[in-house]
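Participant: could you look at this predicted model? Sequence included:
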Amino acid sequence: MVDDALWALIEPLLPSWPEKAPGPRPVPDRLCLQGILYVLYNDIAWQLLPLELGFGSGQTCWRRLERWQQAGVFDQLHRILLAELNTAGELDWSRACVDGSHIRAKKRGRRHTGPSPVDRRKTGSKHHLICDGRGTPFKVITTAANVNDVTRTLALVDGIPPVAGRPGRPRRRPEALLGDKGYDSNPNRRELCKRRILPVISRKGAPNIQDMGKLRYVVEQTFALLHQFKRLAVRWERRTELHDAFVSLACSLICWRRLRKHRS
């Protein structure tokens, strides 16, 4: 079920239907959202969505997911929840952590799939994640499984949305960026410094920075939370934008849980 307080945030973001739309009356948005969440949590095929639950058919929920993603609903929701967490002082801007995680792709998509270097070159994708110092997800980028982490460093940093909730301009930059040796790149270090971000990245061929693991464990924790949503542990969608819709929704739900925990 969709929490009433969460629905109060989501409902104003949804695009409205035409008053005199042709055809039968559409399934209510809240029920469709519950159907989408059912698929996200349980990783079932759209056509197997139980009709007796009242969420509408799998095709109805799939089309609603596509429509909402095109309207930017889930990205807006994620940004609103980040602002609420920022207001509550629950975001740690002293550092951000980056990492990547491979997932298997059951269907070869048109884009963003490739041979996985950790799964005997089977077709897969990769989630590139940046989170704050407490593990709150800022941005996730989906690429082919054989894309190097270092190539997405700046895209992740620049992809952090402007987060309001505090006096002054919305914030987009952490004070430092933590990464393992897969992110070792002098050009990226220079670009991070231009953005006034301190790069804390271990160099290849040198010992790891002391206590780096203690600071970066949060990104692994966030991946674990993200992939608890079974639809994200394996990629089924051929179209990357639909997979990314699930990713954005999952990031929003992680933020919502943390906000609700803070308020309780």
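Facilitator: Right, received. Where do you want to start? Predicted model only: the values in this text are computed from it and were never measured.
Participant: is C97 located within a strand, as I assumed?
Facilitator: Yes. Assigned with DSSP: H, G, I helix; E, B strand; the rest coil, C97 falls within a strand.
Participant: show me what contacts the closest residue to it other than its chain neighbours?
Facilitator: When the adjacent residues along the chain are set aside, C97 lies closest to V219, with 4.0 Å between them (Cβ to Cβ, 6 or more residues apart in numbering). Using the backbone N, CA and C atoms, a C-beta is placed for each residue, glycine as well. By Cβ atoms under 8 Å, 6 or more residues apart in numbering, the contact set of V219 is 97-99, 129, 131, 135.
Participant: repeat for R172
Facilitator: R172 makes contact with 160-163, according to Cβ under 8 Å, 6+ apart.
Participant: repeat that with 7 Å
Facilitator: Shown in contact with R172 (Cβ atoms under 7 Å, 6 or more residues apart in numbering): 160, 162-163.
Participant: spell out, range by range, the helices that occur in the stretch 151-264 of the chain.
Facilitator: 153-158, 186-194, 212-226, 230-233, 240-263 (DSSP state H, counting those that start in this stretch).
Participant: for D132, see how far away P170 is.
Facilitator: 15 Å (Cβ to Cβ, to the nearest Å).
Participant: let me see the domain layout of this protein.
Facilitator: 4-70, 92-235 (automatic domain parsing).
Participant: and the end-to-end length of the last one?
Facilitator: Pointing back at domain 92-235 there. 30 Å (Cα to Cα, to the nearest Å).
Participant: my read: R64 touches C32, true?
Facilitator: Yes. R64 is in contact with C32 according to Cβ atoms under 7 Å; the separation is 4.2 Å.
Participant: point out the most buried one among the domains of the chain.
Facilitator: Compared across the domains of the chain, domain 92-235 shows the largest average neighbour count, a mean of 17 (mean count of other Cβ atoms under 10 Å).
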